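J.: quick one, structure for this:
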Amino acid sequence: MKRYITRPGIRVGIVGIGGLGHMGLKFARAMGAHVTAISNSKHKENESKEFGAHDFVLVNDIKNHKQSLDVILTTSFNDNLDGDYINALRKGGVYCLIGLPVYDVRINNLNLVFNQISVVGSIVGGSYDMNEMLEFAATHNIRPKTELLKISEVNTAIDRLSKGDCKYRFVLKSDF
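T.: Numbering: from 1, shown residues only. Have a look, this model is predicted:
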């Protein structure tokens, strides 16, 4: 995010408001961006705004937001709408894949060339980046939303994760 949120007011879209996406909303807002949450779930609108989003867009409506964003960070890869996301980027925009999608990215080459769009990927930074991120989070009081479970409930946690029944992060604690 530090590479792409380069000035106050930059318009950033975060796709996927889950374990990683809700943190993206918080960080982007603290970095001075105008933040748009993009989700399949209408019921995440209020929480997205609590996490820092200025705007909320349903995934299926992103096609109606042409050239409205400077950066899109995709943390969810189950909708295969790369072309619609690219169209939502302004000239010179950045489409950043956080993690690995389960499908090949499909993008119209004309949009890339004529609008000078960059497609980039990011996974995990080194220890310097990690320390910088933790310091920024501490300074801005950025914390994940978690649900505490006992370590003996790990199978329940895995089952709930597979069903999408986790509100944002599980933390396992010792039963002792």
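
J.: what's the offset of the lengthiest helix in the chain from the middle of its chain?
T.: As assigned by DSSP state H, the longest helix anywhere in the chain is helix 127-139. Here helix 127-139 shows a centroid-to-chain-centroid distance of 18 Å under the convention C-alpha atoms, centre = their mean, to the nearest Å.

J.: distance of the residue nearest to Val120 when sequence neighbours are not counted relative to Arg160?
T.: Nearest residue to Val120, sequence neighbours excluded (C-beta to C-beta, 6 or more residues apart in numbering): Cys96, at 5.0 Å. Just so you know, the C-beta spots here come from the backbone N, C-alpha and C atoms, and that holds for glycine as well. For Cys96, the distance to Arg160 (C-beta to C-beta, to the nearest Å) stands at 28 Å.

J.: more neighbours, these two?
T.: Cys96 (20 against 16; other C-beta atoms under 10 Å).

J.: who's that one bridged to?
T.: Leu73, Val120 (DSSP bridges).

J.: how close does it sit to Gly83?
T.: Cys96 is 16 Å from Gly83, by C-beta to C-beta.

J.: where does the closest residue in space to Glu132 that isn't next to it in sequence land in three-state SS?
T.: Of all residues not flanking Glu132 in the chain, Lys2 sits nearest, at 7.7 Å (C-beta to C-beta, 6+ apart). Per DSSP: H, G, I helix; E, B strand; the rest coil, the local secondary structure of Lys2 is coil.
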